[in-house]
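In: Fold the following for me, if possible:
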Amino acid sequence: MGAMKTPGVYVVEKSAFPNSVVEVATAVPAFIGYTEKADNGGKSLVNKPWRVTSMLEFQKYFGWGPIPEFDIKEIGADAPSPAEPDGGGDSGDTPAADASANETREADFNLDGKEYYLEQTKGKYYLYYSMMLFFQNGGGPCYIVSAGDYTEDIEADKLKKGITPLIKEQEPTMLVIPDAALLKAADCISLQQAALAHCGGKMMNRVAILDLIDGYKDRQDKAGDCVAKFRNALGINYLDYGIAYYPWLNTTIVQDNDISYYKNVNIKALQDILGIEFKEQRKEDENLDALIENISKPDLNQESLNSQNKALLNISPTYSKIVKSIKEKLNLLPPSAAIAGIYTMVDNLEGVWKAPANVSLSSVISPAVNISNDEQEDLNVTIQGKSINAIRPFIGEGTLVWGARTLDGNSLDWRYVNVRRTMIMLKESIRLATKAYVFDNNNANTWVTIKSMIRNFLTGIWKRGGLAGASPDDAFSVSVGLGETMTPDDILEGILKVTVLVALIRPAEFIEITFQQQMQKS
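Out: Residues are numbered from 1 along each chain as shown. Alright, predicted model coming up:
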């Protein structure tokens, strides 16, 4: 207080307690992708991180999902001659696009002795469906960065631009880019490397959840091993800030009533198929001709369109197969958004220090590939250390996340997801609380205050089960002071050094039970 010059009583208040450390949020993903719109009252939200807390709020600012359209093609009818390569992409092309003319296509239905498949020609975007999967698996507040709308092609450069504005956002703790799985392999890897560099090189306070290109295919697929391709191309930088899961998921996001001939099927191709299916019946039933003809009329009202769609489902087994196949293709989604939801749910229920594994996935029918114990060995433990977490079905339990490793699987420090994410939470919480003492006197009073503040915070974490140890002294230690963490030169240069040691919780990934016979005692 100032000098006392006037006689009287002067009251002095002294702080009895240090500032408290507030635990930062641990499960706030940032999603980057393409949306129907990106608008807030006429102001564009393209490449601007925007916080939402529900699917309803997402639809308010970013609109609804894409309207996918499928063409019906006969297998072998469009195969080029040997002198004419089809110019198809590599295995990094989208699942809806065929990888190569030489690849045998699977038939979606058979008709009149011929095989047909469905090829998606429009509406190939994953973000909207991934957001639904995120919220149905326990997701909460998140950030959305729109890279463009559905009139634009998916490009790696546009998605990379969505990463840059996240540098100014401190709250996100995860980075998820579902639309990356629709890029060619080289572009996808380049984008994923940029995501890892952002998380581990620039920000160091968030992790990237990555999807594998062609992760819906078996590892023995003739197009190549998608896991090996991912590992070979990704590189070795910032692996402890990256997490990957395999395989993709067969979900229930898209329902039968979401699909109709007038929105999702090439009308001309459908008319041709119905003409083949009913070529005999049309001779006796004129109503069939009228029905087939009417589906190409765009001026029908919504009630008439819905009525015709139901009529087609009732009378045409082929159309029913088409609808079923479209639903299955649209419901095949990369797992990153569901995993982000699982992280949120586990953090809220038990804490960030609990490994987000042995947890069932909601709105998921099955993994796209059924992995055995032997097949998971190479996913989990590999020479390169790039561990891929498995998603597996178990009888009576559903589809479970069956792995909790980062891509840096050979590191004893950062092998596990919960260890990396717990350390991020501790670092960010203490860093933000310590900012209050920047420019304070670099003396014993400040040192004791900071040490007490950090110890109180870590004691609370230990009591909740977030640190290992029978006592607080076993779980952590905090050091600060001249001769302990600082030299006189440090103080002259204005540097205050604090050393925090923590014993983090690691999961019981391998449980060994030993059985041995003993002698009969009675």
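In: Mind listing what's buried along stretch 363-374?
Out: Going by neighbour count (16 or more other Cβ atoms under 10 Å), the buried part of stretch 363-374 is 363-364, 366-369, 371. Where C-beta positions appear, they are placed from N, C-alpha and C, glycine not excepted.
In: From P18, how far off is G481?
Out: 15 Å (Cβ to Cβ, to the nearest Å).
In: Nearest residue to V419 in space, please, no chain neighbours.
Out: In this structure, V419 finds its nearest non-sequential neighbour in L504, 5.0 Å apart by Cβ to Cβ, 6 or more residues apart in numbering.
In: for the stretch 351-500 of the chain, what spans make up the strands?
Out: 359-360, 364-367, 389-394, 398-402, 476-480, 498-502 (DSSP state E, counting those that start in this stretch).
In: Now do the buried residues in the strand ranked longest in the chain.
Out: As assigned by DSSP state E, the longest strand anywhere in the chain is strand 114-122. With burial defined by 16+ other Cβ under 10 Å, the residues of strand 114-122 counted as buried are 115-120.
In: and which of those is nearest to Q170?
Out: Proximity of the buried residues of strand 114-122 to Q170, judged by Cβ to Cβ, is greatest for Q120, which lies at 38.4 Å.
In: beta partners for the closest one?
Out: Counting by DSSP bridges, Q120 is bridged to F70.
In: In which helix or strand does D157 reside?
Out: helix 156-163 (DSSP states H and E).
In: export that helix as PDB, just CAs?
Out: The C-alpha coordinates for helix 156-163 follow below in PDB (Å, rounded to 0.1, in the frame of the first residue of the first chain):
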ATOM      1  CA  ALA A 156      -6.200 -31.700 -50.200                       C
ATOM      2  CA  ASP A 157      -5.100 -28.000 -50.400                       C
ATOM      3  CA  LYS A 158      -8.600 -26.800 -49.400                       C
ATOM      4  CA  LEU A 159      -8.700 -29.100 -46.500                       C
ATOM      5  CA  LYS A 160      -5.100 -28.000 -45.500                       C
ATOM      6  CA  LYS A 161      -6.300 -24.400 -45.400                       C
ATOM      7  CA  GLY A 162      -8.900 -25.400 -42.800                       C
ATOM      8  CA  ILE A 163      -6.000 -26.400 -40.500                       C
END
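In: For that helix, buried residues please.
Out: Buried residues in helix 156-163, defined by neighbour count with 16+ other Cβ under 10 Å: 156, 158-163.
In: helices and strands around that helix, which ones?
Out: In terms of contacts (3 or more Cβ pairs under 8 Å, 6 or more residues apart in numbering; DSSP states H and E), helix 156-163 is packed against strand 29-34, strand 142-148, helix 185-196.
In: A107: which of those is closest?
Out: That would be helix 185-196 among these, by Cβ to Cβ, at 26.0 Å.
In: Just the angle for that closest one relative to strand 29-34, thanks.
Out: 150 degrees (axes from the mean of the first three to the mean of the last three Cα atoms, to 10 degrees).
In: picking up where we left off before, can I get the buried residues of strand 114-122 in TSV including pLDDT and distance to Q384?
Out: Compiled in TSV, those are given as follows (pLDDT from 0 to 100; distance: Cβ to Cβ, whole Å):
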residue	pLDDT	distance to Q384
E115	92	40
Y116	93	42
Y117	93	36
L118	94	37
E119	94	36
Q120	94	34
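In: re the thing from before, quickly note the distance from the residue nearest to V419 to V417.
Out: Applying Cβ to Cβ to L504 and V417 gives a distance of 12 Å.
In: mean confidence score for the longest helix along the chain?
Out: Ranked by number of residues, the top helix in the chain under DSSP state H is helix 444-463. Helix 444-463 shows a mean pLDDT of 95.
In: Stretch 507-514 now?
Out: 92.
In: okay, how far is it across it, tip to tip?
Out: 20 Å (Cα to Cα, to the nearest Å).
In: Check stretch 367-387 too.
Out: End-to-end distance (Cα to Cα), stretch 367-387: 18 Å.
In: can you give me how far that stretch is from the chain middle?
Out: Computed by Cα atoms, centre = their mean, to the nearest Å, the chain-centroid distance of stretch 367-387 equals 19 Å.
In: what does it rub up against?
Out: The contact list for stretch 367-387, computed with Cβ atoms under 8 Å, 6 or more residues apart in numbering, reads 215-219, 227, 230-231, 234, 239, 244, 246-250, 332, 388-393, 399, 402-403, 405-411, 415.
In: List the buried residues for the lowest-mean-pLDDT helix or strand in the chain?
Out: Scoring the helices and strands of the chain by mean pLDDT, DSSP states H and E places helix 286-294 at the bottom, with a mean of 75. Buried residues in helix 286-294, counted by 16+ other Cβ under 10 Å: 288, 291-292.
In: filter the contacts of stretch 367-387 to the buried ones?
Out: 215-219, 227, 230-231, 234, 239, 244, 246-250, 332, 388-393, 399, 402-403, 405-409, 411, 415.
In: out of the buried residues of stretch 363-374, what pair is the most spread apart?
Out: S363 and I371 (20.2 Å).
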